[in-house]
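Visitor: Got a predicted structure here, sequence first:
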Amino acid sequence: MAEGVKVIAVNRKARFNYTVDDTYECGVELLGTEVKSFREGRISFPDAWAEVTAGEVWLRSLRIAENPFSSVFNHDPDRKKKLLLHREEIKRIARRTEEKGYTLIPLSFYFKNGRVKVELGLCRGKKQYDKRADIRERDIKREVSREFRGKLS
């Protein structure tokens with residue numbers, strides 16, 4: 001990745017379960033204790049998703065573990081987080097998510113120049129036969145790379 005970027009977590013299942021049509025880099029509005037938990041990598045987002053409500057984008061089902069050293073000033077681990085995007089991007093996303101089958105899925109979380117960013121994907125769910133085709137392609141690539149390695153040795 002680019003300089004100044006530290007990856008926190010990647011949602012590998014998202015690329016398997018969805019076809020990603022478009023990606024957006026978003027900032028995340030967080031509390032201080034949430035940032036500390038992000039730095040420690042104490043987040044969970046297997047079924048997280050985002051929605052556009054009243055011209056704002058909100059991230060749902062992202063669980064940020066409480067910081068054990070924060071005592072009474074801790075955050076709610078399951079609260080919805082506001083995503084920071086340009087107004088034009090929000091309008092474009094809102095139009096696309098109104099179409100049937102599209103949803104917003106967080107693909108990865110990372111620090112960029114000290115700020116938490118999320119790569120948000122505009123995704124459409126895959127059917128079972130699409131997933132099987134992906135698995136088949138991955139197996140073929142693996143076999144081809146094994147053949148090349150075997151011939152080079």
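Guide: The structure has been received and is ready for your questions. What you see is a predicted model, and the numbers here were worked out from it, not measured in a lab.
Visitor: ok, which stretches of this structure are helices?
Guide: Secondary structure of the chain (DSSP state H): helices at 12-17, 32-39, 87-98, 128-152.
Visitor: right, so of those, which gets closest to Pro106?
Guide: helix 12-17 (7.6 Å; CB to CB). Bear in mind the C-beta positions are built from the backbone N, C-alpha and C, glycine included.
Visitor: And that closest one, how far out from the chain middle?
Guide: Distance, stretch centre to chain centre, for helix 12-17: 10 Å (CA atoms, centre = their mean, to the nearest Å).
Visitor: got it, and stretch 145-153?
Guide: Taking mean C-alpha positions (CA atoms, centre = their mean), stretch 145-153 and its chain are 35 Å apart.
Visitor: same thing with stretch 40-51?
Guide: 7 Å.
Visitor: And it, end to end?
Guide: This stretch, stretch 40-51, spans 27 Å end to end (CA to CA, to the nearest Å).
Visitor: Quick check: buried residues in that stretch?
Guide: Across stretch 40-51, burial judged by 16 or more other CB atoms under 10 Å covers 42-43, 45, 48-51.
Visitor: Output these as JSON lines; include the columns pLDDT.
Guide: As requested, the buried residues of stretch 40-51 are exported to JSON lines (pLDDT from 0 to 100):
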{"residue": "Arg42", "pLDDT": "84"}
{"residue": "Ile43", "pLDDT": "84"}
{"residue": "Phe45", "pLDDT": "81"}
{"residue": "Ala48", "pLDDT": "87"}
{"residue": "Trp49", "pLDDT": "88"}
{"residue": "Ala50", "pLDDT": "90"}
{"residue": "Glu51", "pLDDT": "89"}
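Visitor: out of the residues you listed, who's nearest Glu89?
Guide: So of the buried residues of stretch 40-51, ranked by how close each gets to Glu89 (CB to CB), first place is Ala50, at 12.3 Å.
Visitor: Who are the contact partners of Ala9?
Guide: By CB atoms under 8 Å, 6 or more residues apart in numbering, the residues touching Ala9 are 41, 43, 45, 108-109.
Visitor: how about a cut-off of 6 Å?
Guide: Under the criterion of CB atoms under 6 Å, 6 or more residues apart in numbering, the neighbours of Ala9 are 43, 109.
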